[in-house]
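1. kindly generate the corresponding structure for this input.
(one chain, ligands or ions: 1)
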Amino acid sequence: MAVELRSKTPVDHEPEYALQLAGVTKTFSGFFALKDVSLTVRPGEIQAIIGPNGAGKSTLFASVAAEIAVDGGSVAILGHATSKKDPSSLVQLGLSRAFQVARIYPSMTVFENIMIAVLGIERLRPTSLGRRVGTFFAPRRLLSARVVQAATETGLEDVLSYRAGAISHGDKKRLELAMALCMEPKVLLLDEPTAGMSPEETESTVALLKKLHNDRRLTMLITEHDLSVVYALSDRIAVLNRGAIIANGLPDEIRRNSEVARVYMGGGGVKS
Ligand SMILES: Nc1ncnc2c1ncn2[C@@H]1O[C@H](COP(=O)(O)OP(=O)(O)OP(=O)(O)O)[C@@H](O)[C@H]1O
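-> A predicted model of the protein is given here:
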């Protein structure tokens, strides 16, 4: 008689979508900042959101990060609905965010800044008993090793002892990225990752993001005004205009889309 063999532990299936927005609407005093926005991003994809000023990009990011409540529709991260969750519980779901203007502590050292992020995630980490572990019990040597690892991964190992306010603009953005990586994200939101950077800093940031994406198989949602960065990084590009997605496709499809060219660039194509 054939015996059916079954594993005793359930298989942990990866959800089909790392990020799913379904009919998301957000109004400010009756003005539609987002209008019935639906978007899906598969695990490991880099999805860009582009669009002219005021299109709704920041509102979309804030909706995904649960920093604002949406008026209609739903957002799910790795299969979990985010409604009624606060931003810190989204960290536990696997979401981290880096901002256009790096949110760091300028009077503290680079090491101390990263340590704050490491301690933050330690506090959120559940123990095998289902409790949240206190930071007091984690050996300092181990925590320090994680700080150094994040700094090395982002190219900050030589400036660990510097005051964060005194490092270059590019390094400040790397520092925020290092802090976001300490949260061990599966989905990373990147708001203008190369804003204000020199061409050299932009080039090395694009290379760093590609490397992090490959090494960690991160899903990334990115908004960026520099289209050469968008084309260099993205698997798919969605175009927002007046709160609605007017196109979403492969970089080449977006480059050739005449409606995108009309609303985004006033005609003439979407150039990198
Ligand atoms: N808190 C708010 N109160 C009122 N209106 C808002 C608020 N936040 C955004 N808006 C409006 O919603 C629309 C979308 O704004 P949003 O900042 O999301 O656009 P954006 O695409 O990020 O623009 P930019 O590229 O200039 O940063 C704009 O018309 C903006 O004025």
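
2. contacts, neighbours, all on C-alpha from now
-> Will do.

3. mind giving me the packing neighbours of the helix or strand harbouring residue 112?
-> Using DSSP states H and E, residue 112 sits within helix 110-124. For helix 110-124, the packing partners by 3 or more CA pairs under 8 Å, 6 or more residues apart in numbering; DSSP states H and E come out as helix 140-153, helix 169-182.

4. include mean neighbour count, mean pLDDT and distance to the ligand when you put those helices into CSV, please.
-> Below are the helices and strands packed on helix 110-124 laid out as CSV (neighbours: other CA atoms under 10 Å; pLDDT from 0 to 100; distance: least, CA to the nearest ligand atom, whole Å):
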stretch, mean neighbour count, mean pLDDT, distance to the ligand
helix 140-153, 16, 91, 29
helix 169-182, 24, 92, 18
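
5. dump the residue contacts of residue 86.
-> Residues in contact with residue 86, defined by CA atoms under 8 Å, 6 or more residues apart in numbering, are 66-67.

6. now with 7 Å?
-> residue 66 (CA atoms under 7 Å, 6 or more residues apart in numbering).

7. please apply the same query to the one 5 residues further on.
-> When contacts are counted by CA under 7 Å, 6+ apart, residue 91 is found next to residue 183.

8. doesn't it fall inside a helix?
-> Yes: the assignment for residue 91 is a helix, going by DSSP: H, G, I helix; E, B strand; the rest coil.

9. quick one: pLDDT of it?
-> We have a pLDDT of 83 for residue 91.

10. would you mind measuring from it to residue 59?
-> Shown here: residue 91 relative to residue 59, a distance of 19 Å by CA to CA, to the nearest Å.

11. do residue 220 as well
-> 17 Å.

12. these two - which one has more neighbours?
-> residue 220 (30 against 20; other CA atoms under 10 Å).
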